[in-house]
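Colleague: Coordinates for the following, if possible.
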Amino acid sequence: MTSKNTEVQRRTRTSGPSDRADVVIVGAGAMGCSLAFHLARAGVPRVIVVDKGAICSGMTFRSGALVRLHYTNEPEARIALRAYEYFHHWGEIVGGDCGFVNTGFLFVVGPEHLDYLRSNVAMLQAIGVNTEIVGPEVVKEAQPFTNVEGIGAAAYEPESGYADPQKTTQAFAAAAKRLGVVFKEGCPVSSILTRGGRALGVKTAEGPIEADAVVVMAGPWTDRLLATVDVPFAITPTLAEVVFLRRPSELAQGHMVYIDRAAGLYFRPHANRLTFVGAGTVAGAGLVGPRTGDPDNLVDGNSPGQADFARERIGRRVPILGQAEYAMGHQGVYDTSPDGKAVLDRIEEIPGLYVAAGFSGTGFKKSPAIGLLMSELILEGAAHSVDIRPFRRSRFAEGEPIVGACEYGFIEGAELSM
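Modeller: So this is what the prediction gives:
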């Protein structure tokens, strides 16, 4: 151990009772399964992952699963860059298949954000990101079906693309299981247990699980669970709707991944000649109240008018997709923090309690690194692969939110400018 704050020690792996863990993780999405893998790989003998549903049945399942590096702040970019290595060397690091597809990636801005783009690309290049600025004529040459009207420029990442959220999460889970991690699926957690002011474990539908450390990685359910021990955690539920359009034969070979600040959407190829479109919500802002934003009560498919809304937006960038056939869709809920960035921290007032949440819709691509960094925090008292101090929970009270010098604004909330 390297810190007095470390609750868990690496020990020789031994068996133990099913209701006792060194670390119990709440949430079997990409984050929880990644952490389980990293803890077990580091030698923690008894790790239990608990989820109310099945592995990858929550918001990870609904993820856009983009694998890209364009950020407006260095702390997030460094985490994404560390995770990037996993997606490109998945078989050697984790095993199995994460479904990564290298399509290339374009971050598109209008002329009004050209200076911001230049500044952000320079920052990213300085930390080792393979990215460059290309003009609309280059975009048109590479993607002839693209309408480049309204494009000022784009940041191009040749090695980026997207992954399969289910394959990624299941690969982490399978690797964790091989190392002895126990998964309790269909096992809701109702509260965090404490004794003498420190975390003792969790109360589940199958009974209590005692643990030296409790890690809450439950996405939009996180604030509810932390409230059981009177720990305030600010999350605004943000409704995210995704539409899948069937690509016509002219686009059978697919296209790059786009985040389009000018048109106000993001989209990527999907299996079976589909295109995955995230275009905000038909209502506009996307911030929703407790009833419609409840992650336990999402509708199957999309809200009325969402498909037409998505077609309108993507049609402004790729006209041929503006009339594409609607195939299916789904809703999800972002766990949006006050600054739109994650909290990766221990809960100081309750020793033994940790949290990784508030990813605000940009978590999946970072999940391999989040598991590594949180394992370092738990086992060594601090993360060293990437500095996560900017992501401390106290930053809001300290007046130090994570804000880039050149922020573009919420992508899906962009006004249609063409």
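Colleague: Give me the most central residue, this protein.
Modeller: For the chain, the residue nearest the mean C-alpha position is residue 363 (1.6 Å; C-alpha atoms, centre = their mean).
Colleague: That one touches residue 340, doesn't it?
Modeller: No. Using C-beta atoms under 8 Å, residue 363 makes no contact with residue 340, being 11.4 Å away. All C-beta spots, glycine's among them, are computed from the backbone N, C-alpha and C.
Colleague: quick one: residue 254 is in a strand?
Modeller: No. Applying DSSP: H, G, I helix; E, B strand; the rest coil, one finds residue 254 to be coil, outside a strand.
Colleague: What is the burial count for it?
Modeller: 15 (other C-beta atoms under 10 Å).
Colleague: Which residue, other than its chain neighbours, is closest to it?
Modeller: residue 269 (3.9 Å; C-beta to C-beta, 6 or more residues apart in numbering).
Colleague: Within the helices and strands, which one has the one you found?
Modeller: Assigned by DSSP states H and E, residue 269 belongs to strand 265-270.
Colleague: list the contacts for residue 273?
Modeller: Residues in contact with residue 273, defined by C-beta atoms under 8 Å, 6 or more residues apart in numbering, are 246, 247, 252.
Colleague: same question, residue 61
Modeller: Neighbours of residue 61 in contact, by C-beta under 8 Å, 6+ apart: 29, 165, 166.
Colleague: In strands, which of those fall?
Modeller: Among the contacts of residue 61, DSSP state E puts none in strands.
Colleague: Outline the domain layout of this structure.
Modeller: 1-100+160-233+338-418, 101-159+236-337 (automatic domain parsing).
Colleague: gap between residue 45 and residue 68?
Modeller: The spacing between residue 45 and residue 68, counted by C-beta to C-beta, to the nearest Å, is 36 Å.
Colleague: So between those two, which is more surrounded?
Modeller: Comparing residue 45 with residue 68 by other C-beta under 10 Å, the one with more neighbours is residue 68, at 25 against 20.
Colleague: Spit out the contact partners of that one.
Modeller: 80, 105, 107, 157, 160, 161, 257, 259, 365.
Colleague: how about a cut-off of 10 Å?
Modeller: 80, 84, 104-107, 129, 131, 155, 157, 159-162, 257, 259, 266, 268, 362, 365 (C-beta atoms under 10 Å, 6 or more residues apart in numbering).
Colleague: in the stretch 301-418 of the chain, which ranges drop under the pLDDT threshold?
Modeller: Applying pLDDT under 70 to the stretch 301-418 of the chain flags residues 410-418.
Colleague: and if you look at the stretch 1-150 of the chain?
Modeller: Flagging of the stretch 1-150 of the chain using pLDDT under 70 yields the residue ranges 1-7, 9-18.
Colleague: now the strands for it?
Modeller: Using DSSP state E, counting those that start in this stretch, the strands found in the stretch 1-150 of the chain span residues 20-26, 47-50, 66-67, 101-102, 105-109, 132-134.
Colleague: Serialize the ones you listed to TSV and add fields for distance to residue 314.
Modeller: Below are those laid out as TSV (distance: least, C-beta to C-beta, whole Å):
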stretch	distance to residue 314
strand 20-26	36
strand 47-50	37
strand 66-67	15
strand 101-102	19
strand 105-109	12
strand 132-134	20
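Colleague: among those strands, which is nearest residue 213?
Modeller: strand 20-26 (4.7 Å; C-beta to C-beta).
Colleague: tell me which strands and helices the closest one is in contact with?
Modeller: Applying 3 or more C-beta pairs under 10 Å, 6 or more residues apart in numbering; DSSP states H and E, one finds that strand 20-26 makes contact with helix 30-41, strand 47-50, strand 182-184, strand 189-195, strand 198-204, strand 207-216, strand 353-357, helix 367-380.
Colleague: Among these, which comes closest to residue 297?
Modeller: With C-beta to C-beta as the criterion, residue 297 lies closest to strand 189-195 of the helices and strands packed on strand 20-26, at 18.3 Å.
Colleague: ok, and for the closest one, which residues are buried?
Modeller: Buried positions in strand 189-195, judged by neighbour count with 16 or more other C-beta atoms under 10 Å: 189, 192, 193, 194.
Colleague: Now do the contacts for residue 52.
Modeller: Per C-beta under 10 Å, 6+ apart, neighbours of residue 52: 26-28, 58, 184-190, 204-205, 218, 221, 296.
Colleague: Mind picking the two most distant members of those?
Modeller: Among the contacts of residue 52, 184 and 296 lie farthest apart (C-beta to C-beta), at 18.8 Å.
Colleague: Which of the two has more residues huddled nearby?
Modeller: A direct count of neighbours by other C-beta under 10 Å for residue 184 and residue 296 places residue 184 higher, at 19 against 8.
Colleague: got the contact list for the nearest residue to that one once chain neighbours are set aside?
Modeller: Distances taken as C-beta to C-beta, 6+ apart place residue 50 nearest to residue 184, at 4.7 Å, with adjacent residues excluded. By C-beta under 10 Å, 6+ apart, the contact set of residue 50 is 21, 24-28, 32, 182-189, 202, 204-206, 209, 214, 218.
Colleague: do the same with residue 218
Modeller: Applying C-beta under 10 Å, 6+ apart, the residues near residue 218 are 25-29, 31-32, 50-52, 58-59, 189, 224-226, 295, 335, 355-357.
Colleague: quick one on the thing from earlier: out of the contacts of residue 61, grab the one that's most surrounded.
Modeller: residue 29 (28 neighbours).
Colleague: Tally up the residues packed near the nearest residue to that residue once chain neighbours are set aside, please.
Modeller: Nearest non-adjacent residue to residue 29, counting by C-beta to C-beta, 6+ apart: residue 60, 3.6 Å away. Using other C-beta under 10 Å, residue 60 has 25 other residues around it.
Colleague: dump the residue contacts of residue 60.
Modeller: Per C-beta under 10 Å, 6+ apart, neighbours of residue 60: 27-33, 165-166, 168-169, 219, 332, 363-364, 367.
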